[in-house]
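**Student:** turn this into a model:
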Amino acid sequence: MKIWILIAVLFAACAAQTQNLMIVPAPVMPDSTISKNIQFLCTQHFEQAECVKDATALRQAMVRYPMQLLGTWAFVVVPADDWKALVRSQGGDPVSPAFSMLDQRATLLDSSLFVGTAVRNKELMERFGMIGAALVDLAVTHEMGHAICQEKNERRADDYGKELREGKTPDCSKTPGYRLAVVAQNPQ
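**Tutor:** Next up, the predicted model:
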């Protein structure tokens, strides 16, 4: 039941904030290493086989990180064709391959992270100096830095992401107003 409440909340938030973006669960195989509080979703018009493939790749990229620190969180993969318009509608940088909506407890990711066109790969390489698995790892840890510490500042999220890549738990004390919250992992 919790997943449907989360989906309803995310749908309402995304619809209001992203011009009627509709999301659906990504039918990925259950994995005991990932809390059931973490949901993998795709936008409604994403072809299902591609959605499953990208969501599975995302999940695999995340397993080495302390996802239990996220609490209830959703990761939404957006088709590359829809990405730039979506980011622009949020006032963001359309070159960026991911962004988080902290209030909605959701991170949205461009499917180009997993399979990019030559043009998009060139754009990502020019901006970030990497593509493929290395960029997926950078994007995931950066966004987890935002999520775990409820950090809005990009520089501090970069620092928290670096701590994650180094195998450390982010020290969120640098985030103004951060209150340590105990997050219980749902064993169900």
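
**Student:** please make it C-alpha for all contacts and neighbour counts, starting now.
**Tutor:** Will do.

**Student:** all strands of this structure, in order?
**Tutor:** For the chain, the strands defined by DSSP state E cover 23-25, 38-43, 73-78, 98-101, 106-110.

**Student:** rank those strands by mean pLDDT and give me the bottom one.
**Tutor:** Set side by side, those give their lowest mean pLDDT on strand 23-25, at a mean of 70.

**Student:** follow-up on the earlier one: would you mind giving the strands of the chain as a markdown table with mean neighbour count added?
**Tutor:** Below are the strands of the chain laid out as a markdown table (neighbours: other C-alpha atoms under 10 Å):
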| stretch | mean neighbour count |
| --- | --- |
| strand 23-25 | 21 |
| strand 38-43 | 23 |
| strand 73-78 | 26 |
| strand 98-101 | 21 |
| strand 106-110 | 25 |
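
**Student:** can you list the ones you listed in TSV and add distance to Ala147?
**Tutor:** As requested, the strands of the chain are arranged in TSV below (distance: least, C-alpha to C-alpha, whole Å):
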stretch	distance to Ala147
strand 23-25	20
strand 38-43	12
strand 73-78	8
strand 98-101	7
strand 106-110	8
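
**Student:** which of those sits closest to Arg155?
**Tutor:** Minimum separation from Arg155 across these (C-alpha to C-alpha) falls at strand 98-101, 13.8 Å.
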